[in-house]
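coords below, sequence missing:
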Ligand SMILES: Cc1cc2nc3c(=O)[nH]c(=O)nc-3n(C[C@H](O)[C@H](O)[C@H](O)COP(=O)(O)OP(=O)(O)OC[C@H]3O[C@@H](n4cnc5c(N)ncnc54)[C@H](O)[C@@H]3O)c2cc1C
């Protein structure tokens with residue numbers, strides 16, 4: 001059994017098909033508080049009580065991870081999607097340390113086998129279609145019926161984790177008549193890996209992809225660790241973060257810098273394109289009606305390649321990037337022979353920096369005085385967004401400085417003091 005905290009406000013009922021739903025009301029058994037609830041009481045982790053149910057459910061999931069040893073950092077990560085504004089986090093973290101530092105021992109672990117068996121019996125591998133032709137919730141169980149259904153109903157809304165689509169409903173007040181949920185399509189949930197590539201199915205969640213991405217490079221792990229919160233990572237998918245075409249999404253620029261390719265399918269036809277060519281203009285992608293994202297292939301780094309990526313946002317967790325810069329450099333000794341540079345937040349789409357890439361070729365890592373032209377080229381490559389998250393001028397300066405940071409770190413082999421978390425610590429957190 002694997003418990004994950006999810007945000008109920010952006011989860012469609014159909015998405016919990018085949019899963020056990022546990023809410024805070026389910027935790028106390030025969031009048032006894034759950035160990036997590038008891039620890040929250042003992043450590044005075046609750047004051048006004050408003051945020052407490054969410055915190056308790058996040059800690060319940062952490063409790064069932066049975067992680068040992070459990071440090072404060074891991075607890076902070078687990079709590080990231082919850083805001084407490086009166087108790088303060090110290091007593092909550094103390095409660096977590098107390099309750100979650102040993103193997104789980106509650107009614108859920110005691111009858112885990114029976115629960116798992118009941119869930120396995122529900123997994124019938126059947127396509128689901130609720131209602132009719134004009135209004136439906138469909139959950140195909142494999143790719144062939146998905147492709148056929150979406151081709152027949154190109155006006156349907158494809159839903160993966162629903163962390164974006166949920167907001168169209170709760171904030172945009174949209175009525176979605178036709179929904180095709182991808183969560184049951186077995187083929188889309190696979191991660192395949194060989195020595196050269198990582199291939200991630202469209203419905204693989206951020207939580208599932210996190211360790212494999214961190215193994216490509218710790219900076220990718222850092223991006224995943226700071227992607228929303230545990231709840232968002234448990235629902236949100238890799239495919240959704242690409243298909244939504246967001247100019248400020250975190251993964252697209254990082255994947256573009258790594259040279260990723262995207263697989264798409266419409267009916268019986270499949271095609272593979274470089275990820276960067278998927279993004280055409282603001283909220284416009286190279287995706288035909290009825291065509292869906294199947295998977296993304298991310299090349300691993302070769303021995304002579306280095307990678308750096310930095311997310312700049314106002315908060316550490318649960319925040320959208322103002323700028324995200326990603327840099328893959330190919331080296332011949334100390335000289336740069338090729339570069340792939342991509343930024344998010346700098347244009348209407350996640351975009352490569354063509355002039356910057358050109359200017360980087362031939363530069364020596366040992367001669368910072370020669371880097372000026374490449375740094376200046378970042379200004380010519382972009383007309384940055386100007387919005388409430390950051391001004392265009394700020395974004396322009398940040399982009400230039402992130403390139404300088406990437407070059408400095410690559411040259412010295414050290415991490416700079418302006419990093420919030422070091423590369424080694426990031427890798428450890430992912431493992
Ligand atoms: C609280 C919160 C925090 C967030 N933090 C971050 C963050 O730190 N960084 C970041 O980049 N994003 C963030 N997001 C945005 C969002 O979570 C991600 O973009 C997420 O990856 C979207 O994936 P999803 O599976 O939930 O997509 P969904 O909401 O299911 O779908 C998003 C869009 O993609 C389409 N779609 C989904 N899958 C496919 C497919 N396979 N083929 C074709 N179309 C498809 C849908 O039709 C829809 O248009 C955050 C969102 C929330 C609510």
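Structure received. Just so we're clear, the structure is a prediction, and the values are computed from it rather than from any experiment. Residues are numbered from 1 along each chain as shown.

Contacts for the strand or helix carrying residue 340 next, please.
Using DSSP states H and E, residue 340 maps to strand 335-344. Here strand 335-344 makes contact (C-beta atoms under 8 Å, 6 or more residues apart in numbering) with 247-250, 252-254, 256-259, 276, 321, 323-331, 350-353, 356-357, 360-365, 382, 399, 403. (C-beta placed from N, C-alpha, C; glycine too.)

near the ligand, from those?
Residues of the contacts of strand 335-344 in contact with the ligand (C-beta under 6 Å from any ligand atom): 249-250.

from the contacts of strand 335-344, which would you call buried?
Applying 16 or more other C-beta atoms under 10 Å to the contacts of strand 335-344, the neighbour count classes 247-250, 252-254, 256-258, 276, 321, 323-331, 350-353, 356-357, 360, 363, 365, 382, 399, 403 as buried.

So which residues on the stretch 151-300 of the chain come close to the ligand?
Near the ligand, when you scan the stretch 151-300 of the chain using C-beta under 6 Å from any ligand atom, you find 157-165, 182, 202, 227-228, 232, 235-237, 239-241, 243-244, 246, 249-250, 292-293.

and those, which are buried?
157-165, 182, 202, 227-228, 232, 235-237, 239-241, 243-244, 246, 249-250, 292-293.

So for stretch 55-74, what gets flagged as buried?
For stretch 55-74, using 16+ other C-beta under 10 Å, the buried residues are 55-64, 70, 74.

Which members of the residues you listed are positioned in strands?
Among those, no member is found in strands (DSSP state E).

any idea which of the residues you listed is the one closest to the ligand?
Relative to the ligand, the closest of the buried residues of stretch 55-74 is residue 58; by C-beta to the nearest ligand atom it sits at 13.7 Å.

which residues touch the residue nearest to that closest one when sequence neighbours are not counted?
Once flanking residues are discounted, residue 58 sits nearest to residue 5: 4.8 Å by C-beta to C-beta, 6 or more residues apart in numbering. Listed by C-beta under 8 Å, 6+ apart, the contact partners of residue 5 are 54, 57-58, 60-61, 81, 230-231, 234.

ok so, going back, mind listing which of the buried ones among the contacts of strand 335-344 are in strands?
Reading strands off these with DSSP E, I get 323-331, 351-352.

Return the two entries of those residues that lie farthest from one another.
323 and 331 (24.8 Å; C-beta to C-beta).

re earlier: could I get the ones in strands among the buried ones among the contacts of strand 335-344 as CSV with distance to residue 392 and pLDDT?
As requested, these are exported to CSV (distance: C-beta to C-beta, whole Å; pLDDT from 0 to 100):
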residue, distance to residue 392, pLDDT
323, 11, 97
324, 16, 97
325, 16, 98
326, 20, 98
327, 21, 98
328, 26, 98
329, 27, 98
330, 31, 98
331, 32, 98
351, 15, 97
352, 19, 98
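
is it fair to say residue 289 lies in a strand?
No: under DSSP: H, G, I helix; E, B strand; the rest coil, residue 289 falls outside any strand and is assigned coil.

Name the nearest residue to it, ignoring sequence neighbours.
Using C-beta to C-beta, 6+ apart, the nearest residue to residue 289 is residue 154, at 3.5 Å.

What about the one you found, how many residues nearby?
Neighbour count of residue 154, defined by other C-beta atoms under 10 Å: 12.

what's the answer for residue 358, then?
Per other C-beta under 10 Å, the neighbour tally for residue 358 reads 14.

Give the full set of residues in contact with it.
Neighbours of residue 358 in contact, by C-beta under 8 Å, 6+ apart: residue 377.

What pLDDT does the model give it?
pLDDT, residue 358: 98.

who's in contact with residue 28?
34, 37.

meant to ask about residue 285
243, 245, 278-279.

which of those residues lies closest to the ligand?
The closest of the contacts of residue 285, once distances to the ligand are taken by C-beta to the nearest ligand atom, is residue 243, at 3.3 Å.
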